[in-house]
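A structural model of the following input is requested.
(6 chains)
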There are 6 protein chains.
Amino acid sequence: MKTVYITRRERFNAAHKLHREDWSDEKNLEVFGKCSNKNWHGHNYTIYVTVKGTPSKETGFVMNLKILSRILKEEIIEPLDHKNMNLDVPFMKGVIPTTENLAIKIWETIEARVKDSGGELVKIRIEETENNFVEYFGGKEPF
Amino acid sequence: MKTVYITRRERFNAAHKLHREDWSDEKNLEVFGKCSNKNWHGHNYTIYVTVKGTPSKETGFVMNLKILSRILKEEIIEPLDHKNMNLDVPFMKGVIPTTENLAIKIWETIEARVKDSGGELVKIRIEETENNFVEYFGGKEPF
Amino acid sequence: MKTVYITRRERFNAAHKLHREDWSDEKNLEVFGKCSNKNWHGHNYTIYVTVKGTPSKETGFVMNLKILSRILKEEIIEPLDHKNMNLDVPFMKGVIPTTENLAIKIWETIEARVKDSGGELVKIRIEETENNFVEYFGGKEPF
Amino acid sequence: MKTVYITRRERFNAAHKLHREDWSDEKNLEVFGKCSNKNWHGHNYTIYVTVKGTPSKETGFVMNLKILSRILKEEIIEPLDHKNMNLDVPFMKGVIPTTENLAIKIWETIEARVKDSGGELVKIRIEETENNFVEYFGGKEPF
Amino acid sequence: MKTVYITRRERFNAAHKLHREDWSDEKNLEVFGKCSNKNWHGHNYTIYVTVKGTPSKETGFVMNLKILSRILKEEIIEPLDHKNMNLDVPFMKGVIPTTENLAIKIWETIEARVKDSGGELVKIRIEETENNFVEYFGGKEPF
Amino acid sequence: MKTVYITRRERFNAAHKLHREDWSDEKNLEVFGKCSNKNWHGHNYTIYVTVKGTPSKETGFVMNLKILSRILKEEIIEPLDHKNMNLDVPFMKGVIPTTENLAIKIWETIEARVKDSGGELVKIRIEETENNFVEYFGGKEPF
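Predicted coordinates for the structure are as follows:
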């Protein structure tokens, strides 16, 4: 069985802030630094979604990337692109919008639909700036 | 006279929206598209500032990049990084925060101080996404 | 008058070969090297199209990038993406598909329509590989 | 034992199409989309080859990258660069040239020779566009 | 338990040479090639440090990146940036400064302090040029 | 006359320091900062060389890039790659090896040979780090 991993990259631009209402401004600033700015800030996020499987003898595909891309556009890009993560995004309600939490929530949002399309979701990587990124394997710890 | 052009790159992350209060939501959407989202969105902005001059015989420098970088940090990065362009940035007050206007306003903000430090500002380039960028030469039209 | 330059990036993937029918295989190989391979090869091309103008007081835009992007998609990406430059692309008929000629032909294809949309085309840049790119200013020589 | 992973990047430009002769044009278009264009299209492929081992006490090397690079140039770049994957490449005969199949076939082509040179091949990554890439671990499933 | 992996990128510029005093110049050249140049050469090194953990319910962070970045600046960037790896860097004494050895030594230098700050170091990746990089998992072999 | 600009990228890795023997260590540190480190440091330099001309009717080329690349390899990469700019490079003798001076000296080194090969050298761009680069137009001032 020749398992191959395929990855699709998508991008979105969003506003957010890291700020707890139940904390003082001082504590927010101390913990979250500049990310606690009350009037928001934003990023160009880049997301890589990886699916594994055996290439089909008929098509040579692990999964048709058109289908994976459509899932990502509908489930991730539509709700997040040019939006405010704290206010506008249903699956981020009640969660501090760190890149860590974003990765977990996106996984939960797309895992079943990827499976229904014949793929097995194995990794989500989100880059917030050129210096910081997060990887999530559905809770598994490959290393 | 051997004129050389030196460029310093800096980066900042900010929120903004393109939205006129005196327009209906429909018109804002029609003209500004997703950028008109009321709850803001944001970007990782990359800025390149170019100065020209003749390398000093003593140092080989057109201008000490430490000084240029300090000017950019104080005049651009401090006011813009992790801020909301529409609400938080003094030099963007009363201006629609397109990348075009941002480039013009940054030029006006730093030109004199660069000159006082012995440099001649000749170009500002701002990248908003990997697909869109703007260049401003102080109004000049080199091409 | 505050002239600003805006640039839109688009990408396409195409096959081509550099090969003259009226030359021997030896001469083709000598002049065009590996690019003369009879069965074609291909590239991920990246194109940057630059338009200049004065930002509108009403919108802050030199030109609405949605409109520029639509022109580029219809006039450049549709005819070239996943195509063979020597066989499939009407505006490349009768021309050796070097990056130089490609830039000139794309300029001729889009210049009028960009003008009709209120922009002034001033530069086309095409990257063929990470080591080679071409710039065309409509025949002008800015430097 | 301090196992370290070293990776060498190489690049090649090739033409291909995803097209089954035993399918109608409609079915090819439906499954393979624009990639089924009869007259080919092409890409700048980037390949990363990873070898693991313990750094030699004498040299500090897991494997001399000059040797790894020579293997890659002879076994991968020579047969693929500026070639047509469907027509010109012996080890791709009879296989639909998806990136998945390309990764598997390259693994089979170089694994033994890397081993003879003292390295252990553990991963091949191939980028077809900036949005799509494939990883192959010889059939293993690290995550 | 939702384990997430976070990565911080840092950069430094350093000189080095690969050269054994107990070997002849010929042998040094044969094994280390151009890297054996007696008068040194140098690189822009990029380092990615990955830590794993469960995002805190209170902050959404696996680990505060400000703290990780401070550790990296003090333990890696300060001793290495604008330095000579063979002569100036205490933790590289007595080791041939290959990228493999550099990764192992950096791991040993920062592992305990990362742990004291509540993180678990799991991966170091160092890029020496755009064509060569090394990954080290503390001796573990995830693939 | 349809003038087109073609650019070839090359890369080299070199050591250098910015340090005047006739200055005290304090003054060197004050002016040149970390770059004055006595034991050298180094960079991955990227150089872009631009030539302008009219595409040949016979070949579609402004200039055969194989020829330009050979000139750059012999005149720039050979003398600089894996070398010490202060000690090993004939054309940098007696000059402080800033990126500004490097660009001027490379221009003087290759201009005539590019002309003899039928090209007209118009621009050299050298990137020292991802944050700093220099452009030189032979002393001309296009903007």
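
Would you map the strands across chain A?
Remark: strands assigned in chain A by DSSP state E are A:3-16, A:41-53, A:83-84, A:120-129, A:132-139.

which parts of the last one are buried?
Within strand A:132-139, the residues that count as buried by 16 or more other CB atoms under 10 Å in any protein chain shown are A:132-138. C-betas here are computed from N, CA, C, even on glycine.

what's the longest helix in chain A?
helix A:99-116 (DSSP state H).

and the spatially most central residue of chain A, what does it touch?
For chain A, the residue nearest the mean C-alpha position is residue A:103 (4.0 Å; CA atoms, centre = their mean). Residues near residue A:103 by CB atoms under 8 Å, 6 or more residues apart in numbering or on different chains: A:124-126, A:134-136, E:4.

Chain D: which of the residues you listed is nearest?
Proximity of the contacts of residue A:103 to chain D (CB to the nearest CB) peaks at residue A:135, which lies at 9.5 Å.

right, is stretch A:40-53 up against chain C?
No: using CB under 8 Å from any CB of the partner chain, stretch A:40-53 stays clear of chain C, with a minimum separation of 13.7 Å.

what about dumping the CA coordinates of that stretch to PDB?
What follows is stretch A:40-53, C-alpha atoms only, in PDB (Å, rounded to 0.1, in the frame of the first residue of the first chain):
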ATOM      1  CA  TRP A  40      -8.300  44.900  16.400                       C
ATOM      2  CA  HIS A  41      -5.400  44.100  14.000                       C
ATOM      3  CA  GLY A  42      -5.200  41.600  11.300                       C
ATOM      4  CA  HIS A  43      -3.200  39.100   9.200                       C
ATOM      5  CA  ASN A  44      -2.800  37.400   5.900                       C
ATOM      6  CA  TYR A  45      -3.300  33.800   7.000                       C
ATOM      7  CA  THR A  46      -1.900  30.900   4.900                       C
ATOM      8  CA  ILE A  47      -3.400  27.500   5.500                       C
ATOM      9  CA  TYR A  48      -2.100  24.100   4.300                       C
ATOM     10  CA  VAL A  49      -4.500  21.100   4.600                       C
ATOM     11  CA  THR A  50      -3.000  17.700   4.200                       C
ATOM     12  CA  VAL A  51      -4.900  14.500   3.300                       C
ATOM     13  CA  LYS A  52      -3.400  11.000   3.000                       C
ATOM     14  CA  GLY A  53      -4.400   8.000   0.900                       C
END
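
If you count neighbours, what's buried in stretch A:31-38?
A:31-32, A:35-37.

Out of those residues, which comes closest to residue C:97?
Using CB to CB, residue A:35 is the member of the buried residues of stretch A:31-38 that sits closest to residue C:97, with 48.8 Å.

Could you tell me the model confidence score at the residue nearest to residue A:123 when sequence neighbours are not counted?
In space, residue A:123 comes closest to residue A:50 once its chain neighbours are excluded; the distance is 3.9 Å by CB to CB, 6 or more residues apart in numbering or on different chains. At residue A:50, the model reports a pLDDT of 98.

Near chain B, which residues of chain A? Just list them.
A:11, A:13-16, A:34-35, A:37, A:39-44, A:81-84, A:87-88, A:129-130.

Relative to chain D, how far out is the residue of chain A found nearest chain B?
Relative to chain B, the nearest point of chain A is residue A:42 (0.7 Å; CB to the nearest CB). Distance of residue A:42 to chain D, given as CB to the nearest CB, to the nearest Å: 22 Å.

and that residue, what are its bridge partners?
Beta-bridge pairing for residue A:42 (DSSP bridges): residue A:15.

Burial check on the residue nearest to residue A:118 when sequence neighbours are not counted, number of neighbours?
Spatial nearest neighbour of residue A:118, excluding adjacent residues (CB to CB, 6+ apart): residue A:63 at 5.9 Å. By other CB atoms under 10 Å in any protein chain shown, 23 other residues sit near residue A:63.

if I pick residue A:63, what's in contact with it?
A:6, A:51, A:53, A:117-119.

The spatially closest residue to residue A:20 that is not a sequence neighbour and chain D: what is the separation?
In this structure, residue A:20 finds its nearest non-sequential neighbour in residue A:28, 6.2 Å apart by CB to CB, 6+ apart. From residue A:28 over to chain D the distance is 35 Å, taken as CB to the nearest CB.

one step back: these two touch, right, the residue of chain A closest to chain B and residue B:41?
Yes: between residue A:42 and residue B:41 a contact is recorded at 5.8 Å, counting by CB atoms under 8 Å.

returning to that earlier point: so what's the closest residue to the residue nearest to the centre of chain A other than its chain neighbours scoring on pLDDT?
In space, and not counting its chain neighbours, residue A:103 is closest to residue A:136: 3.9 Å by CB to CB, 6+ apart. Looking at residue A:136, its pLDDT is 98.

beta partners for residue A:136?
The partner residues for residue A:136, given DSSP bridges, come to residue A:124, residue E:4.

residues contacting it?
Neighbours of residue A:136 in contact, by CB under 8 Å, 6+ apart: A:100, A:103-104, A:107, A:123-125, E:2, E:4-5.

okay if I get those as CSV plus pLDDT?
Formatted as CSV, these follow (pLDDT from 0 to 100):
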residue, pLDDT
A:100, 98
A:103, 98
A:104, 98
A:107, 98
A:123, 98
A:124, 98
A:125, 98
E:2, 96
E:4, 98
E:5, 98
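
Tell me the one of those nearest residue B:74?
residue A:100 (32.2 Å).

The closest residue to chain F within chain A: how many residues sit nearby?
Closest residue of chain A to chain F, CB to the nearest CB: residue A:130 (8.7 Å). Burial of residue A:130 is recorded as 13 neighbouring residues (other CB under 10 Å).

Chain D contacts on chain A?
A:1-10, A:50, A:52, A:55, A:59-62, A:64-66, A:122-123, A:137, A:140, A:142-143.

are any of those buried, and which?
The neighbour-count test (16+ other CB under 10 Å) marks A:2-10, A:50, A:52, A:55, A:59-62, A:64-65, A:122-123, A:137, A:142-143 as buried among the residues of chain A next to chain D.

Tell me the one of the contacts of residue A:103 nearest residue C:96?
For the contacts of residue A:103, the nearest to residue C:96 is residue A:125 (41.8 Å; CB to CB).
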